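**Student:** Any chance you could fold what I've pasted below:
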Amino acid sequence: MSSTFTVDRKDIRAARWLERAATPLPAGEVRVRIDRFALTSNNVTYAVFGESMRYWDFFPSDDARSGCIPVWGFATVSESRHDGVATGARLYGYFPIADEVVLEPAAVSRHRFVDGALHRRDLPEIYNHYQFCAGDPGYRSEDEPLIALLRPLFTTSFLIDDFLAGNDYFGARTIVISSASSKTAYGLAFCLAERRGRPGEPGVVGLTSAKNVEFTRGLGCYDQVVAYDDLGTVRVDEPVVYVDMSGDVLLRAAVHARWSDRLAYSCSVGATHWDVLGSAKGLPGPKPVLFFAPSQARKRIGDWGGDGFRDRYAAAWSRFVARVADPDRPWLRVLEGDGHVAVEAAYAALLEGRVSADVGWVLRL
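**Tutor:** Numbering: from 1, shown residues only. Presented below is the predicted three-dimensional model:
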């Protein structure tokens, strides 16, 4: 039997475990045992946008009313009927919250393969790649928790930074980032801060809850950190880009009202405040535009080539992880949990906003 965590598509608070009987493995496919995966607010965003962004389509459940939330993590090939993929191979990639999953490798190389399953062929390619750990020169087994927690989030951070810089920040002098203590937000702030001091580079303001102000200031990558209730203290005399990591409709309205025609661009990214989402209709200033990381990745792979993209990302990732894991001032504490109860508890804590900013959950079944 295999076990998969599913949620109600209409009410993501409602979760259950789907038990499936093992079936014979078809020729050309592999069965993988999912060993460890990260669970963060990013995965809550996948659930919130599961329908509109097709996240439910990657790992279909047996019930059209429920969906499997995708996660990033590590797995081992437990059974293979594909000549190019050996039993025992270690993989990094996109999985359901489950103890196992069947994949259909295509375009197999020494470094990676693509899941060529029919239902995934028209989904964003960036999510369909599985990397062989043995073919990754930067892989170290002891780094797996940080990779699972941060690599997918930092990919989004890296791509937003590239998108904003590639558009000359839409003429803005300041980038305002909500949910500034979230991992994707401070990854973006880290990238922006690396250019600090260069002519024309904007300042970076982080908006966060009062309880996370000191943690966020301590990161050292924001020029200013402000509690949500103190939004009125941020200067309004220069053009601003708003990067909305929270999805909070009331905060979005307050930002748009404060800067109005000085808001050069409004970029919608995440949903850490998933329970207060709402319409963007009637807002002063520019209409919020949803940032879709796979589209920017596709553009840059076209511009730089696959190897060029990987080299640039890898260099930025190495600098970021070195800072996050600094033994003297680490930004992140990894908490690990095993089994159904641990998964349920971590998921509930994320939904309810009870996970400390400096904590990351890595789980296994």
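
**Student:** Rounded mean pLDDT for the host helix or strand of residue 255, please.
**Tutor:** Using DSSP states H and E, residue 255 sits in helix 249-259. Confidence for helix 249-259, expressed as mean pLDDT, is 93.

**Student:** is the residue lying closest to residue 167 once chain neighbours are set aside in a bridge, and if so with what?
**Tutor:** Leaving out its chain neighbours, the residue that sits closest to residue 167 by Cβ to Cβ, 6 or more residues apart in numbering is residue 265, at 7.7 Å. (Each C-beta comes from the backbone N, C-alpha and C, glycine too.) Residue 265 has these beta-bridge partners by DSSP bridges: residue 241.

**Student:** Next up, the contacts around residue 216.
**Tutor:** Listed by Cβ atoms under 8 Å, 6 or more residues apart in numbering, the contact set of residue 216 reads 180, 181, 186, 206, 208, 222, 225, 357.

**Student:** let's see 6 Å
**Tutor:** 180, 181, 206, 208, 225 (Cβ atoms under 6 Å, 6 or more residues apart in numbering).

**Student:** quick revisit: and the contacts of the helix holding residue 255?
**Tutor:** Residues contacting helix 249-259 (Cβ under 6 Å, 6+ apart): 178, 231, 236, 240, 242, 244, 276, 278, 283, 284, 285.

**Student:** All the helices of the stretch 101-250 of the chain, residue numbers only.
**Tutor:** 144-166, 183-193, 213-218, 249-259 (DSSP state H, counting those that start in this stretch).

**Student:** From one end of stretch 22-35 to the other, what's the distance?
**Tutor:** Chord length of stretch 22-35, first to last residue, is 18 Å (Cα to Cα, to the nearest Å).

**Student:** Check which residues of it are buried.
**Tutor:** 29, 30, 31, 32, 33, 34, 35 (16 or more other Cβ atoms under 10 Å).

**Student:** Let's have the residues you listed in TSV, adding pLDDT.
**Tutor:** Converted to TSV, those look like this (pLDDT from 0 to 100):
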residue	pLDDT
29	98
30	98
31	98
32	98
33	98
34	98
35	97
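
**Student:** Mind telling me the two of those residues farthest from one another?
**Tutor:** For the buried residues of stretch 22-35, the farthest-apart pair by Cβ to Cβ is 29 and 35; their separation is 19.1 Å.

**Student:** do you know how far the residue nearest to residue 173 when sequence neighbours are not counted is from residue 46?
**Tutor:** Leaving aside its sequence neighbours, residue 173 sits nearest to residue 238 (Cβ to Cβ, 6+ apart; 3.9 Å). Separation of residue 238 from residue 46 (Cβ to Cβ, to the nearest Å): 35 Å.

**Student:** swap in residue 304?
**Tutor:** 27 Å.

**Student:** Could you check how many residues crowd around the closest residue in space to residue 26 that isn't next to it in sequence?
**Tutor:** Spatially, and ignoring its direct neighbours in sequence, residue 26 is nearest to residue 81 (6.8 Å; Cβ to Cβ, 6+ apart). For residue 81, the neighbour count with other Cβ atoms under 10 Å is 14.
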